[in-house]
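# next input, structure requested:
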Amino acid sequence: MDTPLHRHSLSPAPRTQRPSPPSSRSCKPGRTLVATCAMLLLLGCAGCAEQPPPGRLAPQVAIRPEARVAPDRTMARRCVGAYHARQLTGDFAGYAGLHQFVDRMVEQHGFEREYLLGLFSQARRKNWTLDYLTKSDQELKGPPAVGGWTRYRAKFLDERHIGAGVDFARRHQGTLQRATRQYGVPAEYILGILAVETTFGSYVGKDRVLDALTTLGFDYARRGDYFRGELENFLVMARDEGIDPARPLGSYAGAMGLGQFMPGSFLRWAVDFNGDGRRDLWDAEDAIGSVANYFAQHGWRAGHPIVTPLQANGRVGLEPGLSPQYSLADLRHAGLQPARPCSDDGPLRLLLLRHAGYDQYLIGHPNFYTITRYNNSTYYAMAVHELAQTFRRRL
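Below you'll find the predicted structure:
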(Lines give C-alpha, C1' and ligand atoms only; values in the text may rest on other atoms or scores of the structure.)
Protein backbone atom coordinates (compact mmCIF):
# COMPACT_ATOMS: atom_id res chain seq x y z
CA MET A 1 0.00 0.00 0.00
CA ASP A 2 1.24 3.47 -0.80
CA THR A 3 2.32 5.46 2.19
CA PRO A 4 0.50 8.72 2.97
CA LEU A 5 2.15 12.04 2.39
CA HIS A 6 3.59 13.64 5.51
CA ARG A 7 5.08 17.01 6.43
CA HIS A 8 5.08 19.05 3.25
CA SER A 9 7.60 21.87 3.29
CA LEU A 10 6.35 25.40 2.80
CA SER A 11 8.58 27.98 1.19
CA PRO A 12 6.74 31.30 1.10
CA ALA A 13 7.65 33.86 -1.52
CA PRO A 14 9.99 36.54 -0.20
CA ARG A 15 8.26 39.76 0.78
CA THR A 16 9.33 42.95 -0.96
CA GLN A 17 11.27 45.15 1.42
CA ARG A 18 10.47 48.84 1.56
CA PRO A 19 13.63 50.90 0.91
CA SER A 20 14.84 53.16 3.67
CA PRO A 21 14.32 56.85 2.89
CA PRO A 22 17.53 58.75 2.29
CA SER A 23 18.77 60.83 5.17
CA SER A 24 18.43 64.59 4.71
CA ARG A 25 21.94 64.96 6.08
CA SER A 26 23.38 63.09 3.08
CA CYS A 27 21.68 65.29 0.50
CA LYS A 28 23.67 68.16 -0.95
CA PRO A 29 22.03 71.58 -1.31
CA GLY A 30 19.86 71.81 -4.41
CA ARG A 31 19.28 68.02 -4.59
CA THR A 32 16.66 67.70 -1.85
CA LEU A 33 13.71 67.78 -4.24
CA VAL A 34 15.21 65.08 -6.47
CA ALA A 35 15.95 62.80 -3.51
CA THR A 36 12.45 63.28 -2.13
CA CYS A 37 10.82 62.39 -5.45
CA ALA A 38 13.00 59.30 -5.77
CA MET A 39 12.04 58.20 -2.27
CA LEU A 40 8.30 58.57 -2.99
CA LEU A 41 8.63 56.65 -6.25
CA LEU A 42 10.39 53.75 -4.56
CA LEU A 43 7.85 53.60 -1.76
CA GLY A 44 5.00 53.59 -4.25
CA CYS A 45 6.54 50.66 -6.17
CA ALA A 46 7.10 48.67 -2.99
CA GLY A 47 3.50 49.16 -1.95
CA CYS A 48 2.28 47.85 -5.30
CA ALA A 49 4.45 44.74 -4.92
CA GLU A 50 2.80 43.78 -1.65
CA GLN A 51 -0.78 43.35 -2.85
CA PRO A 52 -2.54 40.37 -1.20
CA PRO A 53 -3.03 37.12 -3.15
CA PRO A 54 -6.42 36.18 -4.63
CA GLY A 55 -9.09 35.09 -2.13
CA ARG A 56 -9.74 31.44 -1.38
CA LEU A 57 -12.74 29.60 -2.70
CA ALA A 58 -15.61 28.10 -0.74
CA PRO A 59 -16.19 24.36 -1.17
CA GLN A 60 -18.49 23.20 -4.01
CA VAL A 61 -18.33 26.64 -5.65
CA ALA A 62 -16.25 27.00 -8.78
CA ILE A 63 -15.85 30.79 -8.71
CA ARG A 64 -16.96 33.33 -6.15
CA PRO A 65 -17.31 36.91 -7.39
CA GLU A 66 -15.23 38.27 -4.52
CA ALA A 67 -12.38 35.92 -5.50
CA ARG A 68 -12.03 37.48 -8.94
CA VAL A 69 -9.13 39.80 -8.33
CA ALA A 70 -6.38 40.90 -10.66
CA PRO A 71 -3.94 37.98 -10.89
CA ASP A 72 -0.53 38.33 -9.28
CA ARG A 73 1.85 36.79 -11.80
CA THR A 74 4.46 36.20 -9.09
CA MET A 75 2.16 33.60 -7.54
CA ALA A 76 3.25 30.91 -10.02
CA ARG A 77 6.78 31.03 -8.59
CA ARG A 78 5.49 29.52 -5.36
CA CYS A 79 4.08 26.42 -7.04
CA VAL A 80 6.00 23.29 -6.10
CA GLY A 81 7.19 20.81 -8.71
CA ALA A 82 9.27 21.09 -11.87
CA TYR A 83 6.34 20.92 -14.29
CA HIS A 84 6.62 22.66 -17.65
CA ALA A 85 5.07 21.97 -21.04
CA ARG A 86 3.94 24.02 -24.01
CA GLN A 87 1.08 21.68 -24.83
CA LEU A 88 -1.10 19.18 -23.00
CA THR A 89 -0.10 15.53 -23.44
CA GLY A 90 -0.96 12.27 -21.72
CA ASP A 91 -4.38 10.84 -20.82
CA PHE A 92 -6.13 14.22 -21.00
CA ALA A 93 -4.59 15.54 -24.22
CA GLY A 94 -7.26 17.02 -26.46
CA TYR A 95 -9.70 17.76 -23.62
CA ALA A 96 -11.11 21.15 -24.57
CA GLY A 97 -12.66 21.53 -21.13
CA LEU A 98 -9.30 21.09 -19.44
CA HIS A 99 -7.76 23.75 -21.68
CA GLN A 100 -10.56 26.12 -20.64
CA PHE A 101 -9.92 25.23 -17.02
CA VAL A 102 -6.23 26.05 -17.39
CA ASP A 103 -7.14 29.39 -19.00
CA ARG A 104 -9.32 30.25 -16.00
CA MET A 105 -6.65 29.27 -13.48
CA VAL A 106 -4.15 31.51 -15.27
CA GLU A 107 -6.53 34.44 -15.53
CA GLN A 108 -8.18 34.30 -12.12
CA HIS A 109 -5.47 32.83 -9.89
CA GLY A 110 -2.22 33.84 -11.58
CA PHE A 111 -0.92 30.34 -12.28
CA GLU A 112 1.72 29.90 -14.97
CA ARG A 113 0.19 28.23 -18.02
CA GLU A 114 3.23 26.07 -18.81
CA TYR A 115 3.31 24.83 -15.21
CA LEU A 116 -0.32 23.65 -15.38
CA LEU A 117 0.11 22.08 -18.82
CA GLY A 118 3.11 20.16 -17.50
CA LEU A 119 1.24 19.10 -14.36
CA PHE A 120 -1.89 17.90 -16.16
CA SER A 121 0.24 16.05 -18.70
CA GLN A 122 1.23 13.87 -15.73
CA ALA A 123 -2.40 13.23 -14.64
CA ARG A 124 -3.82 9.75 -15.15
CA ARG A 125 -7.42 8.86 -15.96
CA LYS A 126 -8.97 6.58 -13.31
CA ASN A 127 -11.21 4.33 -15.38
CA TRP A 128 -12.15 2.08 -12.49
CA THR A 129 -13.48 5.06 -10.54
CA LEU A 130 -15.76 6.02 -13.42
CA ASP A 131 -16.98 2.42 -13.74
CA TYR A 132 -17.67 2.24 -10.01
CA LEU A 133 -19.61 5.51 -9.92
CA THR A 134 -21.60 4.62 -13.04
CA LYS A 135 -22.69 1.38 -11.40
CA SER A 136 -23.58 3.20 -8.19
CA ASP A 137 -25.64 5.79 -10.06
CA GLN A 138 -27.62 3.05 -11.78
CA GLU A 139 -28.60 1.33 -8.52
CA LEU A 140 -32.02 2.24 -7.21
CA LYS A 141 -31.85 3.78 -3.76
CA GLY A 142 -35.00 2.67 -1.97
CA PRO A 143 -35.89 2.76 1.73
CA PRO A 144 -33.43 1.31 4.28
CA ALA A 145 -33.27 -2.47 4.03
CA VAL A 146 -34.12 -4.75 6.94
CA GLY A 147 -30.95 -5.34 8.93
CA GLY A 148 -29.14 -2.52 7.19
CA TRP A 149 -28.06 -0.84 10.42
CA THR A 150 -26.87 -4.13 11.91
CA ARG A 151 -24.58 -4.73 8.94
CA TYR A 152 -23.34 -1.15 8.77
CA ARG A 153 -22.65 -0.98 12.49
CA ALA A 154 -20.58 -4.16 12.39
CA LYS A 155 -18.10 -2.53 9.99
CA PHE A 156 -17.02 0.04 12.58
CA LEU A 157 -18.01 -1.07 16.07
CA ASP A 158 -15.30 -3.70 16.25
CA GLU A 159 -12.14 -4.11 18.26
CA ARG A 160 -9.91 -2.96 15.40
CA HIS A 161 -11.48 0.50 15.33
CA ILE A 162 -12.01 0.74 19.07
CA GLY A 163 -8.53 -0.47 20.03
CA ALA A 164 -6.90 1.87 17.52
CA GLY A 165 -8.95 4.74 18.93
CA VAL A 166 -7.90 4.06 22.50
CA ASP A 167 -4.22 3.95 21.48
CA PHE A 168 -4.55 7.13 19.40
CA ALA A 169 -6.32 8.95 22.24
CA ARG A 170 -3.60 8.07 24.73
CA ARG A 171 -0.85 9.25 22.37
CA HIS A 172 -2.64 12.53 21.61
CA GLN A 173 -4.41 13.17 24.89
CA GLY A 174 -3.12 16.72 25.27
CA THR A 175 -4.08 17.71 21.74
CA LEU A 176 -7.57 16.26 22.11
CA GLN A 177 -8.10 18.10 25.39
CA ARG A 178 -6.92 21.35 23.83
CA ALA A 179 -9.31 20.91 20.89
CA THR A 180 -12.20 20.33 23.28
CA ARG A 181 -11.36 23.46 25.24
CA GLN A 182 -10.96 25.60 22.14
CA TYR A 183 -13.91 24.37 20.07
CA GLY A 184 -16.29 22.84 22.61
CA VAL A 185 -16.36 19.46 20.82
CA PRO A 186 -15.88 16.39 23.05
CA ALA A 187 -12.74 14.41 22.26
CA GLU A 188 -14.71 11.20 21.78
CA TYR A 189 -16.58 12.64 18.78
CA ILE A 190 -13.34 13.74 17.14
CA LEU A 191 -12.13 10.17 17.66
CA GLY A 192 -15.37 8.82 16.20
CA ILE A 193 -14.84 10.73 12.95
CA LEU A 194 -11.21 9.67 12.61
CA ALA A 195 -12.16 6.06 13.34
CA VAL A 196 -14.81 5.85 10.63
CA GLU A 197 -12.89 7.85 8.04
CA THR A 198 -9.40 6.29 8.09
CA THR A 199 -9.02 4.24 11.30
CA PHE A 200 -6.74 7.01 12.58
CA GLY A 201 -4.65 7.25 9.46
CA SER A 202 -4.07 3.55 8.86
CA TYR A 203 -5.64 3.96 5.42
CA VAL A 204 -5.94 7.43 3.91
CA GLY A 205 -6.41 6.28 0.30
CA LYS A 206 -4.12 5.17 -2.50
CA ASP A 207 -5.19 7.41 -5.39
CA ARG A 208 -3.40 10.59 -6.30
CA VAL A 209 -5.74 13.48 -5.58
CA LEU A 210 -4.72 15.09 -8.87
CA ASP A 211 -5.78 11.98 -10.83
CA ALA A 212 -9.04 11.55 -8.95
CA LEU A 213 -10.22 15.14 -9.29
CA THR A 214 -9.13 15.52 -12.91
CA THR A 215 -10.90 12.32 -13.89
CA LEU A 216 -14.12 13.18 -12.08
CA GLY A 217 -13.99 16.81 -13.13
CA PHE A 218 -13.83 16.11 -16.85
CA ASP A 219 -15.25 12.59 -17.32
CA TYR A 220 -18.03 12.29 -14.72
CA ALA A 221 -20.91 14.21 -16.24
CA ARG A 222 -23.36 13.99 -13.34
CA ARG A 223 -21.16 15.92 -10.88
CA GLY A 224 -18.46 17.33 -13.12
CA ASP A 225 -19.08 20.92 -12.03
CA TYR A 226 -18.54 20.00 -8.39
CA PHE A 227 -15.31 18.12 -9.00
CA ARG A 228 -13.91 20.82 -11.27
CA GLY A 229 -14.51 23.24 -8.42
CA GLU A 230 -12.68 20.89 -6.06
CA LEU A 231 -9.80 20.59 -8.54
CA GLU A 232 -9.57 24.37 -8.55
CA ASN A 233 -9.60 24.39 -4.74
CA PHE A 234 -6.94 21.68 -4.68
CA LEU A 235 -4.51 23.64 -6.85
CA VAL A 236 -4.99 26.76 -4.75
CA MET A 237 -4.53 24.68 -1.58
CA ALA A 238 -1.33 23.05 -2.89
CA ARG A 239 0.15 26.43 -3.78
CA ASP A 240 -0.85 27.99 -0.45
CA GLU A 241 0.63 25.16 1.60
CA GLY A 242 3.77 24.56 -0.48
CA ILE A 243 2.73 21.08 -1.63
CA ASP A 244 3.66 19.37 -4.88
CA PRO A 245 0.14 18.78 -6.29
CA ALA A 246 1.16 15.46 -7.86
CA ARG A 247 2.11 13.92 -4.50
CA PRO A 248 -0.88 13.82 -2.11
CA LEU A 249 -2.75 10.53 -1.94
CA GLY A 250 -6.39 10.29 -0.99
CA SER A 251 -9.70 8.60 -1.72
CA TYR A 252 -11.05 7.82 -5.16
CA ALA A 253 -13.07 11.06 -4.90
CA GLY A 254 -10.17 13.27 -3.77
CA ALA A 255 -10.71 13.32 0.01
CA MET A 256 -7.50 13.80 1.97
CA GLY A 257 -5.76 13.06 5.25
CA LEU A 258 -6.83 11.48 8.52
CA GLY A 259 -10.15 13.30 8.40
CA GLN A 260 -10.72 12.93 4.64
CA PHE A 261 -11.38 16.60 3.86
CA MET A 262 -12.19 17.59 0.31
CA PRO A 263 -10.02 20.50 -0.89
CA GLY A 264 -12.85 23.02 -0.49
CA SER A 265 -13.36 21.91 3.10
CA PHE A 266 -9.62 22.21 3.63
CA LEU A 267 -9.57 25.81 2.44
CA ARG A 268 -12.49 26.79 4.65
CA TRP A 269 -12.11 24.70 7.83
CA ALA A 270 -8.64 23.13 8.13
CA VAL A 271 -6.48 24.67 10.86
CA ASP A 272 -2.80 24.72 11.80
CA PHE A 273 -3.27 23.15 15.23
CA ASN A 274 0.37 22.29 15.92
CA GLY A 275 1.57 25.83 15.21
CA ASP A 276 4.19 24.98 12.59
CA GLY A 277 2.82 27.47 10.07
CA ARG A 278 1.15 24.90 7.80
CA ARG A 279 -2.15 23.05 7.62
CA ASP A 280 -1.36 19.37 7.13
CA LEU A 281 -4.27 16.91 7.39
CA TRP A 282 -1.82 14.00 7.32
CA ASP A 283 -0.53 15.32 10.67
CA ALA A 284 -2.49 14.03 13.68
CA GLU A 285 -2.57 17.36 15.54
CA ASP A 286 -3.77 19.36 12.56
CA ALA A 287 -6.36 16.66 11.79
CA ILE A 288 -7.71 16.76 15.35
CA GLY A 289 -8.02 20.54 15.36
CA SER A 290 -9.54 20.62 11.89
CA VAL A 291 -12.27 18.08 12.70
CA ALA A 292 -13.11 20.00 15.88
CA ASN A 293 -13.24 23.28 13.96
CA TYR A 294 -15.45 21.69 11.30
CA PHE A 295 -17.97 20.65 13.96
CA ALA A 296 -17.86 24.04 15.66
CA GLN A 297 -18.41 25.89 12.39
CA HIS A 298 -21.36 23.64 11.55
CA GLY A 299 -23.26 24.42 14.72
CA TRP A 300 -22.05 22.03 17.43
CA ARG A 301 -23.59 22.95 20.79
CA ALA A 302 -21.39 22.03 23.74
CA GLY A 303 -23.24 20.09 26.40
CA HIS A 304 -26.36 19.47 24.28
CA PRO A 305 -27.77 15.98 23.51
CA ILE A 306 -27.09 13.94 20.40
CA VAL A 307 -29.90 11.38 20.24
CA THR A 308 -32.82 10.30 22.42
CA PRO A 309 -34.46 6.85 22.03
CA LEU A 310 -38.17 6.78 21.25
CA GLN A 311 -40.86 4.30 22.17
CA ALA A 312 -43.30 3.69 19.32
CA ASN A 313 -46.96 2.98 20.02
CA GLY A 314 -48.14 1.22 16.90
CA ARG A 315 -47.42 2.16 13.32
CA VAL A 316 -45.37 5.32 12.80
CA GLY A 317 -46.84 7.64 10.19
CA LEU A 318 -44.06 10.22 10.10
CA GLU A 319 -41.30 10.15 7.50
CA PRO A 320 -37.87 9.44 9.00
CA GLY A 321 -34.65 10.95 7.69
CA LEU A 322 -32.50 14.06 7.80
CA SER A 323 -34.69 16.38 5.72
CA PRO A 324 -38.04 16.38 7.60
CA GLN A 325 -37.99 18.51 10.74
CA TYR A 326 -40.29 17.93 13.70
CA SER A 327 -41.07 19.31 17.10
CA LEU A 328 -41.43 17.16 20.20
CA ALA A 329 -45.19 17.73 19.99
CA ASP A 330 -45.21 16.38 16.41
CA LEU A 331 -43.51 13.18 17.53
CA ARG A 332 -45.79 12.67 20.50
CA HIS A 333 -48.87 13.26 18.35
CA ALA A 334 -47.62 10.47 16.06
CA GLY A 335 -47.39 8.05 19.00
CA LEU A 336 -43.67 8.41 19.65
CA GLN A 337 -42.66 9.00 23.26
CA PRO A 338 -39.10 9.87 24.38
CA ALA A 339 -37.63 7.11 26.54
CA ARG A 340 -36.17 9.79 28.82
CA PRO A 341 -36.76 13.52 29.34
CA CYS A 342 -35.29 15.56 26.51
CA SER A 343 -35.16 19.09 25.18
CA ASP A 344 -37.33 20.40 22.37
CA ASP A 345 -34.58 22.88 21.49
CA GLY A 346 -33.98 23.24 17.78
CA PRO A 347 -35.40 21.25 14.86
CA LEU A 348 -35.58 17.53 15.56
CA ARG A 349 -35.09 14.67 13.11
CA LEU A 350 -36.79 11.30 13.27
CA LEU A 351 -34.16 8.58 12.89
CA LEU A 352 -34.90 5.01 11.85
CA LEU A 353 -32.36 2.24 12.50
CA ARG A 354 -33.24 -1.07 10.88
CA HIS A 355 -31.78 -3.84 13.02
CA ALA A 356 -31.79 -7.47 11.93
CA GLY A 357 -34.87 -8.29 13.99
CA TYR A 358 -36.59 -4.98 14.69
CA ASP A 359 -36.81 -1.28 13.87
CA GLN A 360 -35.61 1.40 16.28
CA TYR A 361 -36.68 5.06 16.31
CA LEU A 362 -34.70 7.90 17.86
CA ILE A 363 -34.73 11.66 18.02
CA GLY A 364 -31.82 13.27 16.24
CA HIS A 365 -31.01 16.53 18.02
CA PRO A 366 -29.19 19.44 16.32
CA ASN A 367 -25.80 18.01 17.36
CA PHE A 368 -26.65 14.79 15.52
CA TYR A 369 -27.43 16.83 12.43
CA THR A 370 -24.04 18.55 12.80
CA ILE A 371 -22.35 15.13 12.56
CA THR A 372 -24.25 14.47 9.33
CA ARG A 373 -22.70 17.61 7.80
CA TYR A 374 -19.54 15.53 7.63
CA ASN A 375 -21.42 12.78 5.77
CA ASN A 376 -25.10 13.11 4.93
CA SER A 377 -26.10 9.71 6.33
CA THR A 378 -28.05 8.64 9.41
CA TYR A 379 -26.07 5.42 9.68
CA TYR A 380 -22.73 7.23 9.36
CA ALA A 381 -23.58 9.67 12.13
CA MET A 382 -24.90 6.88 14.37
CA ALA A 383 -21.68 4.92 13.90
CA VAL A 384 -19.70 8.01 14.93
CA HIS A 385 -22.00 8.50 17.94
CA GLU A 386 -21.80 4.91 19.15
CA LEU A 387 -18.02 4.84 18.70
CA ALA A 388 -17.82 8.08 20.69
CA GLN A 389 -19.82 6.55 23.53
CA THR A 390 -17.54 3.51 23.51
CA PHE A 391 -14.40 5.65 23.58
CA ARG A 392 -15.76 7.65 26.50
CA ARG A 393 -16.30 4.44 28.50
CA ARG A 394 -12.87 3.05 27.60
CA LEU A 395 -10.81 6.17 28.31
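
# what are the phi and psi values for the residue lying closest to Leu318 once chain neighbours are set aside?
Counting by Cβ to Cβ, 6 or more residues apart in numbering, Leu318 lies nearest to Ala334, which is 4.8 Å off, once chain neighbours are set aside. Backbone N, C-alpha and C define where each C-beta goes, glycine included. Note on Ala334: its backbone torsions stand at phi -90, psi 10 [degrees, to the nearest 10].

# repeat that for Leu249.
The main-chain torsion angles of Leu249 are listed as degrees, to the nearest 10 and equal phi -110, psi 150.

# quick one: the strands in the stretch 101-250 of the chain?
207-208, 249-250 (DSSP state E, counting those that start in this stretch).

# and those strands, which is most packed in?
For the strands of the stretch 101-250 of the chain, the stretch with the most neighbours on average is strand 249-250, a mean of 25; neighbours defined as mean count of other Cβ atoms under 10 Å.

# ok, back up a step: hang on, the residue nearest to Leu318 packs against Val316?
Yes: with contacts counted by Cβ atoms under 8 Å, Ala334 reaches Val316, the gap being 6.2 Å.

# contacting residues around the residue nearest to Leu318?
The neighbours of Ala334, taking Cβ atoms under 8 Å, 6 or more residues apart in numbering as the test, are Val316, Gly317, Leu318.

# how close does it get to Leu249?
In this structure, Ala334 and Leu249 are separated by 48 Å, where distance is defined by Cβ to Cβ, to the nearest Å.

# also Gly147?
Distance of Gly147 to Leu249, given as Cβ to Cβ: 34 Å.

# repeat for Ala169
Distance from Ala169 to Leu249, counting by Cβ to Cβ: 25 Å.

# how about Ala388?
With distances defined as Cβ to Cβ, the gap from Ala388 to Leu249 amounts to 27 Å.

# residues in contact with Ala238?
In this structure, Ala238 makes contact with Cys79, Val80, Asp244, Pro245, Pro248, judged by Cβ under 8 Å, 6+ apart.

# who touches Asn127 in this structure?
The neighbours of Asn127, taking Cβ under 8 Å, 6+ apart as the test, come to nothing; the list is empty.

# do Pro366 as well
Each residue near Pro366 by Cβ under 8 Å, 6+ apart is listed here: Gly299, Arg301, His304, Asp345, Gly346, Pro347.

# closest to Gln122 among those residues?
The shortest distance between Gln122 and any of these, using Cβ to Cβ, involves Gly299 and amounts to 40.4 Å.

# shouldn't that closest one be in contact with Thr370?
Yes: applying Cβ under 8 Å as the test, Gly299 and Thr370 come out as touching, 5.1 Å apart.

# neighbour count for these two, which is higher?
When neighbours are counted by other Cβ atoms under 10 Å, Gly299 and Thr370 differ, and Thr370 comes out ahead with 22 against 12.

# so the more buried one, which state does it fall into?
Reducing the assignment at Thr370 to three states with DSSP: H, G, I helix; E, B strand; the rest coil gives helix.

# His298 is in contact with that one, correct?
Yes: between Thr370 and His298 a contact is recorded at 5.0 Å, counting by Cβ under 8 Å.

# residues making contact with stretch 169-189?
So stretch 169-189 is in contact with 190-191, 273-274, 284-285, 288-289, 291-293, 295-296, 300-302, 371, 384-385, 387-389, 391-392, 395, going by Cβ under 8 Å, 6+ apart.

# just the buried members of the residues you listed?
Buried by 16 or more other Cβ atoms under 10 Å: 190-191, 273-274, 284-285, 288-289, 291-293, 295-296, 300, 371, 384-385, 387-388, 391, out of the contacts of stretch 169-189.

# out of the residues you listed, list just those in strands.
Under the assignment DSSP state E, the buried ones among the contacts of stretch 169-189 contribute nothing to strands.

# helices along the stretch 51-200 of the chain, start to end?
Using DSSP state H, counting those that start in this stretch, the helices of the stretch 51-200 of the chain run over 96-109, 113-120, 127-138, 148-156, 159-171, 173-183, 187-198.

# between those helices, which gets nearest to Gly264?
Taking the helices of the stretch 51-200 of the chain one by one with Cβ to Cβ, helix 96-109 is closest: 14.6 Å.

# next, the angle from the closest one to helix 113-120.
In terms of direction (axes from the mean of the first three to the mean of the last three Cα atoms, to 10 degrees), helix 96-109 departs from helix 113-120 by 130 degrees.
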